[in-house]
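Colleague: predicted model and sequence below, questions to follow.
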Amino acid sequence: MIFKNCTFWGEDFEKEFGDIEIENGKIKQIGILGEGRDMSGMLLVPGFVDIHIHGFLGGDASDGDKSALETMSNTLSRHGVTSFCPTTMTLSREGLEKAVKAISECEAPKAKIAGINLEGPFISKEKAGSQKPENIRAGSVEEFEKLYSISGGKIKLITIAPEAFESEDFIKAVSKKCTVSIGHSNADEKACKRAIEFGARHITHLYNAMTPMHHRNAGIVGTALDDGRVMCELICDLEHICPAVLRNTFRILSQDRAVVVSDSMRGAGLGEGEYDLGGQKVFVNNGRKYAALSDGTLAASITNIHEEFVNLVNIGIDFKTALKACTINPARAIGEEKSIGSIAIGKCADLVFLNENLDIKEVYINGILA
């Protein structure tokens with residue numbers, strides 16, 4: 001299959017024009033090629049990668065239900081998400097094992113499962129947010145190793161609060177197998193720096209559920225922004241973080257350190273109502289793009305990566321920076337950048353065709369129309 005006359009963003013994310021040949025689910029050639037389907041007038045971008053997503057259209061990664069994951073896969077593909085990491089909440093030990101097993105065994109019909117993201121349970125009760133406090137516990141290498149084994153090595157990311165337990169040995173051990181992220185944490189600047197030195201390289205939903213930046217103590221926010229080794233998640237529904245702060249944050253993180261995530265939950269795609277999130281009631285109402293606890297505490301979002309990409313372009317983030325944050329950066333954060341996240345020869349043919357208004361027209365996953 002050859003797509004002719006493509007306006008696309010290539011491996012270096014510069015705007016290019018040419019033809020793209022797909023064979024056996026991979027990108028075989030890029031250049032001026034033979035006959036094929038004319039894609040003039042469309043914009044071609046890599047498939048979006050969502051590494052932090054709890055649920056969509058009624059399904060949730062914490063349910064331990066393969067059918068819920070299949071629903072997520074089918075629905076996300078329609079929004080241009082071609083790879084995702086189902087993300088668990090802070091569950092009981094038994095609940096977490098059940099969820100990880102279901103994810104690892106699920107054969108996603110459309111959007112691909114790129115790995116598993118564990119948001120907790122080794123976090124801070126002071127910064128629990130919408131996580132269930134009763135299930136929070138001290139970090140355990142033994143528990144992680146069991147989950148990793150159950151997953152068949154598919155765990156790619158885990159969120160911890162480094163100050164909530166003696167985390168040095170945990171970070172050093174676990175960071176050899178997956179990315180360790182700081183989040184739902186009350187760590188001060190010193191504790192955050194120590195965790196980074198031990199091997200933490202990621203921040204879970206920057207600004208939300210963590211110590212803020214103060215002019216006399218950088219907190220997690222200031223420390224992460226200052227350290228070039230650390231990638232930072234951003235929920236770009238324009239409600240978890242306001243546009244002015246997003247613009248300032250992208251100026252600091254530049255093109256290679258921002259990772260756009262949806263952090264969406266089962267209410268995404270369903271509209272207003274009452275939903276379950278990790279064993280707690282959350283509410284979507286008043287036209288908001290997020291769910292909240294009964295006391296108003298922000299919980300997960302109900303957005304998607306394509307919507308967030310458009311949001312970023314509309315608030316003034318340049319196209320290349322916004323696109324990298326939605327594609328190659330999340331792929332790199334979980335160590336999958338060699339196969340997904342950009343348009344390059346040898347990579348998976350995960351492609352999204354947009355019109356000039358950035359609306360999705362067609363999505364291809366491994367070269368197959370979704």
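Modeller: Now that the structure is in, tell me what you want to look at. Numbering: from 1, shown residues only.
Colleague: not counting sequence-adjacent ones, nearest residue to residue 347?
Modeller: residue 27 (5.6 Å; C-beta to C-beta, 6 or more residues apart in numbering). C-beta here means a position set from N, CA and C on the backbone, and glycine is covered the same way.
Colleague: scratch that, residue 254 is what I was asking about
Modeller: residue 321 (7.3 Å).
Colleague: if we can go back for a sec, quick one, what contacts the residue nearest to residue 347?
Modeller: 20, 21, 343, 344, 345, 346, 347, 348, 349 (C-beta atoms under 8 Å, 6 or more residues apart in numbering).
Colleague: and the two most separated of these?
Modeller: By the measure C-beta to C-beta, 21 and 348 form the most distant pair in the contacts of residue 27, at 14.1 Å.
Colleague: who's more crowded, those two?
Modeller: residue 348 (25 against 20; other C-beta atoms under 10 Å).
Colleague: for the more buried one, what are phi and psi?
Modeller: phi -60, psi 140 (degrees, to the nearest 10).
Colleague: state the distance from it to residue 329.
Modeller: As for residue 348, its distance to residue 329 is 17 Å (criterion: C-beta to C-beta, to the nearest Å).
Colleague: neighbours of residue 113, how many?
Modeller: Residue 113 has 19 nearby residues by other C-beta under 10 Å.
Colleague: to clarify, my last question referred to residue 24.
Modeller: Neighbours around residue 24, by other C-beta under 10 Å: 8.
Colleague: now it: closest residue in space, sequence neighbours ignored.
Modeller: The nearest residue in space to residue 24 (C-beta to C-beta, 6+ apart) is residue 367, at 7.6 Å.
Colleague: which pLDDT value does the model give that neighbour?
Modeller: Note for residue 367: predicted pLDDT of 97.
Colleague: looks like it contacts residue 28 (just checking).
Modeller: No. Counting by C-beta atoms under 8 Å, residue 367 does not reach residue 28; the two are 9.6 Å apart.
Colleague: for residue 17, what are its contacts?
Modeller: So residue 17 contacts 5, 6, 7, 8 (C-beta under 8 Å, 6+ apart).
Colleague: now list the buried members of those.
Modeller: 6, 7, 8 (16 or more other C-beta atoms under 10 Å).
Colleague: in helices, which of those residues fall?
Modeller: With helices defined by DSSP state H, no entry of the buried ones among the contacts of residue 17 lies inside them.
Colleague: quick revisit: what's the PyMOL line that selects buried ones from the contacts of residue 27?
Modeller: This is how PyMOL selects the buried members of the contacts of residue 27, with burial counted by 16+ other C-beta under 10 Å:
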select buried, resi 20+21+343+344+347+348+349
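Colleague: got TSV for the contacts of residue 27, with distance to residue 242, secondary structure and pLDDT too?
Modeller: Below are the contacts of residue 27 laid out as TSV (distance: C-beta to C-beta, whole Å; DSSP: H, G, I helix; E, B strand; the rest coil; pLDDT from 0 to 100):
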residue	distance to residue 242	secondary structure	pLDDT
20	38	strand	98
21	43	strand	98
343	32	coil	98
344	35	coil	98
345	40	coil	97
346	40	coil	97
347	35	coil	98
348	35	strand	98
349	37	coil	98
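Colleague: and for residue 68, nearest residue in space, chain neighbours not counted?
Modeller: In space, residue 68 is closest to residue 59, 3.1 Å off (C-beta to C-beta, 6+ apart).
Colleague: quick check: that neighbour touching residue 71?
Modeller: Yes. Using C-beta under 8 Å, residue 59 is in contact with residue 71, at 4.0 Å.
Colleague: looking at these two, which has the bigger crowd around it?
Modeller: residue 59 (24 against 20).
Colleague: so which residue is smack in the middle of the protein?
Modeller: residue 51 (2.6 Å; C-alpha atoms, centre = their mean).
Colleague: do you know how far that one is from residue 363?
Modeller: Residue 51 is 18 Å from residue 363, by C-beta to C-beta.
Colleague: in three-state terms, label the residue lying closest to residue 87 once chain neighbours are set aside for me.
Modeller: Leaving aside its chain neighbours, residue 87 sits nearest to residue 117 (4.0 Å; criterion: C-beta to C-beta, 6+ apart). Look at residue 117: counting by DSSP: H, G, I helix; E, B strand; the rest coil, its state is strand.
Colleague: for residue 117, give its distance to residue 3.
Modeller: Where residue 3 is concerned, residue 117 sits at a distance of 32 Å (C-beta to C-beta).
Colleague: cool, residue 220 as well?
Modeller: In terms of C-beta to C-beta, residue 220 sits 43 Å off from residue 3.
Colleague: what about the two, which has more around it?
Modeller: Shown here are residue 220 and residue 3; by other C-beta under 10 Å, residue 220 has more neighbours (33 against 23).
Colleague: residues touching the strand or helix carrying the more buried one, excluding its own?
Modeller: For residue 220, the host element (DSSP states H and E) is helix 219-226. Outside helix 219-226, the residues that touch it by C-beta under 8 Å, 6+ apart are 182, 185, 187-189, 192-193, 196, 203, 206-207, 210-214, 218, 230, 232, 249, 252-253.
Colleague: so which of the residues you listed are in strands?
Modeller: Members of the contacts of helix 219-226 lying in strands (criterion: DSSP state E): 182, 203, 232.
Colleague: neighbour-wise, which one of the residues you listed leads?
Modeller: residue 182 (30 neighbours).
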